[in-house]
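Chemist: next come a sequence and a model predicted from it.
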Amino acid sequence: MIANKTQIAEHNSSTTHQEAFEQLSARLAEQGIDTPEIVRQLSGLQIAIPSWALGAGGTRFGRFSMGGEPGNLEQKIEDVALIHRLTQSAGAISLHIPWDIPDDPETIRQLAATHGIAFDAVNSNTFQDQPGQEHSYKFGSLCHADTRVREQAIRHNIEVIRYGEALGSKAITIWLADGSSFPGQQNFRHAFQRTLDSLQAIYEELPADWQMFIEHKPFEPNFYATVVPDWGTSYLLAESLGPQASCLVDLGHHLPNTNIEQIVATLMLKGKLGGFHFNDSKYGDDDLTVGSIKPYQLFLIFHELVYGMKWQNTGPGSLAWMIDASHNLKDPLEDLMQSLEAIKIAYAQALLVDQRALEEAQQNYDVTLAQEILQAAYRTDVRPLLREARLQSGAAIDPIALYRSLQARDQLIRQRGEKNIATGL
Ligand SMILES: [Mn+2]
């Protein structure tokens with residue numbers, strides 16, 4: 001096993017940490033901040049790793065393999081388990097059907113459980129045709145003009161729910177590539193209504209304790225219109241479907257400069273924010289490492305989340321947190337650990353915001369002070385808090401450093417080979 005308890009303990013005893021943590025704790029205590037409580041909240045936040053992001057990603061121009069990629073579902077779970085041992089922050093995996101159909105769900109469920117890994121939302125796929133499939137999704141799936149195509153897509157989604165049930169998932173995420181690339185290609189009204197009707201048929205098959213997450217995206221693969229382009233449309237669908245349906249926000253699925261934190265605030269206010277797909281982007285759905293381009297935006301999103309959870313008296317368990325990125329250049333496992341770090345940094349910074357002072361500044365329209373309050377939190381180097389949370393929960397103080405010193409990728413290449421290719425993006 002790569003990164004066993006002894007290796008983690010040795011790494012932690014030889015990594016400098018305590019002094020920086022004590023200095024920060026003392027400074028935060030002067031501001032009346034309860035550091036142990038923040039460390040506890042950081043330890044509690046678990047992020048799901050998508051099964052399709054454990055291998056090298058690619059673009060439509062090419063794909064460059066990493067070597068040692070997981071070749072089957074068991075190996076994907078092993079990779080998530082490795083990340084989880086190093087960080088104690090990745091206690092869930094999100095599967096994509098049909099890329100990860102479990103032959104024996106009970107065995108897979110037990111394997112995951114031995115590593116402390118739960119099954120997050122399952123994801124359906126009607127954006128590709130599968131071998132042997134009767135009807136093509138070339139012109140759409142749940143929105144398609146042909147009833148037979150729609151029924152096939154509905155059946156697939158119900159099948160995904162059944163796989164999820166067998167594994168212990170509690171939600172299905174539906175992202176649709178449906179749309180049109182040219183004006184006049186598709187009747188907007190018919191496409192919306194058919195999509196809603198198809199979703200209704202899937203919704204009726206949801207187990208009572210399940211959620212349906214609807215994920216919007218403004219363009220790609222269709223470039224003129226998508227059937228669920230924005231949060232308003234996804235809200236309309238979720239609202240029409242009922243209490244078990246809500247909206248999923250993928251950070252890359254917005255037009256440039258969209259105010260995502262405001263979307264988060266509104267959806268939370270209406271009780272319709274179901275979960276997140278974390279990534280970062282410069283131009284579109286770039287699927288870059290979380291926090292690598294716009295860390296301040298990520299902080300502002302977390303500020304709304306923390307405020308919303310406090311106001312609604314809920315915790316992180318009320319939302320589905322997942323990374324949805326593609327790793328084209330970096331080792332996917334290192335990249336995922338960087339994303340976990342960025343998510344927790346933003347969460348920690350948001351927990352530092354003086355909510356009472358901010359509310360007072362807003363009440364008085366003291367615009368300068370409101371900005372000062374937010375930026376004081378954002379500019380705090382909270383990394384010692386993350387390291388302390390990892391130390392306390394038995395993870396590595398510096399996960400990437402340990403991953404590298406153990407030469408984990410070389411070990412995976414030796415075990416699985418240079419040319420093993422993971423299914424996924
Ligand atoms: Mn997504």
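Modeler: Perfect, I can see it now.

Chemist: pretty sure Lys217 is touching Asp250, no?
Modeler: Yes - if you go by Cβ atoms under 8 Å, Lys217 and Asp250 touch, sitting 7.0 Å apart. In short, each C-beta sits where N, CA and C put it, glycine included.

Chemist: please name the residues that touch Pro36.
Modeler: Not one residue lies near Pro36 by Cβ atoms under 8 Å, 6 or more residues apart in numbering.

Chemist: tell me which element it is part of?
Modeler: helix 35-44 (DSSP states H and E).

Chemist: count of residues packed around Trp210?
Modeler: Counted with other Cβ atoms under 10 Å, the neighbours of Trp210 add up to 18.

Chemist: also the one 4 residues further on?
Modeler: Other residues near Ile214 number 26, with proximity taken as other Cβ under 10 Å.

Chemist: and for the one 10 residues further on?
Modeler: As a burial measure, the neighbour count of Tyr224 was computed by other Cβ under 10 Å and equals 13.

Chemist: same question for Ala348.
Modeler: Neighbour count for Ala348, taken as other Cβ under 10 Å: 25.

Chemist: hmm, Leu386 and it touching each other?
Modeler: Yes - the criterion here is Cβ under 8 Å, and Ala348 meets it with Leu386 at 6.5 Å.

Chemist: need the residues touching each of those two.
Modeler: The contact sets of Ala348 and Leu386 overlap at Leu42 (Cβ under 8 Å, 6+ apart).

Chemist: overlap in contacts of Lys217 and Asp250?
Modeler: Common contacts of Lys217 and Asp250 (Cβ under 8 Å, 6+ apart): Trp175, Asp285.

Chemist: okay, Glu418: pLDDT?
Modeler: Model confidence at Glu418, expressed as pLDDT, equals 88.

Chemist: can you check Leu425 too?
Modeler: Confidence at Leu425, expressed as pLDDT, is 56.

Chemist: what residues does the stretch 101-250 of the chain put near the ion?
Modeler: Neighbours of the ion within the stretch 101-250 of the chain, by Cβ under 5 Å from the ion: Asp250.

Chemist: what do you get if the cut-off is 8 Å, keeping everything else the same?
Modeler: Counting by Cβ under 8 Å from the ion, the stretch 101-250 of the chain comes close to the ion at Thr173, Trp175, Glu215, Lys217, Leu248, Asp250.

Chemist: show me which of those residues is closest to Leu319.
Modeler: Nearest to Leu319 among those: Leu248, at 9.6 Å, using Cβ to Cβ.

Chemist: starting at the chain centroid, how far to the helix holding Pro36?
Modeler: 21 Å (Cα atoms, centre = their mean, to the nearest Å).

Chemist: tell me the mean pLDDT for it?
Modeler: Mean per-residue pLDDT for helix 35-44: 97.

Chemist: repeat for stretch 220-231
Modeler: Averaging pLDDT along stretch 220-231 gives 98.

Chemist: same check on stretch 397-405?
Modeler: Mean predicted lDDT for stretch 397-405 stands at 98.

Chemist: what of stretch 134-149?
Modeler: pLDDT averaged over stretch 134-149 gives 98.

Chemist: neighbouring contacts of that stretch?
Modeler: By Cβ under 8 Å, 6+ apart, stretch 134-149 touches 126-129, 150, 152-154, 174, 176-179, 186, 190-192, 194-195, 198-199, 227.

Chemist: just checking, which of those residues belong to strands?
Modeler: Ile174, Gly179 (DSSP state E).

Chemist: turn the residues of the stretch 101-250 of the chain next to the ion into TSV, columns for pLDDT, neighbour count and distance to Met268.
Modeler: TSV is the format used below for those (pLDDT from 0 to 100; neighbours: other Cβ atoms under 10 Å; distance: Cβ to Cβ, whole Å):
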residue	pLDDT	neighbour count	distance to Met268
Thr173	98	27	18
Trp175	98	22	21
Glu215	98	20	17
Lys217	98	23	20
Leu248	98	29	13
Asp250	98	22	16
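
Chemist: tell me which two in these are the farthest apart.
Modeler: Taking Cβ to Cβ, no two of these sit farther apart than Thr173 and Lys217, at 12.2 Å.

Chemist: how far away is Ala225 from the ion?
Modeler: According to Cβ to the ion, to the nearest Å, Ala225 stands 19 Å off from the ion.

Chemist: how many residues are close by that residue?
Modeler: Neighbour count for Ala225, taken as other Cβ under 10 Å: 18.

Chemist: can I assume it is in contact with Gln186?
Modeler: Yes - taking Cβ under 8 Å as the definition, Ala225 is a contact partner of Gln186 at 7.2 Å.

Chemist: what sits against the residue lying closest to Ser292 once chain neighbours are set aside?
Modeler: Nearest non-adjacent residue to Ser292, counting by Cβ to Cβ, 6 or more residues apart in numbering: Asp280, 5.0 Å away. Shown in contact with Asp280 (Cβ under 8 Å, 6+ apart): Leu251, Gly252, Asp286, Leu288, Thr289, Val290, Gly291, Ser292, Ile293, Lys294, Leu298, Ala325.

Chemist: okay then, goodbye and thanks.
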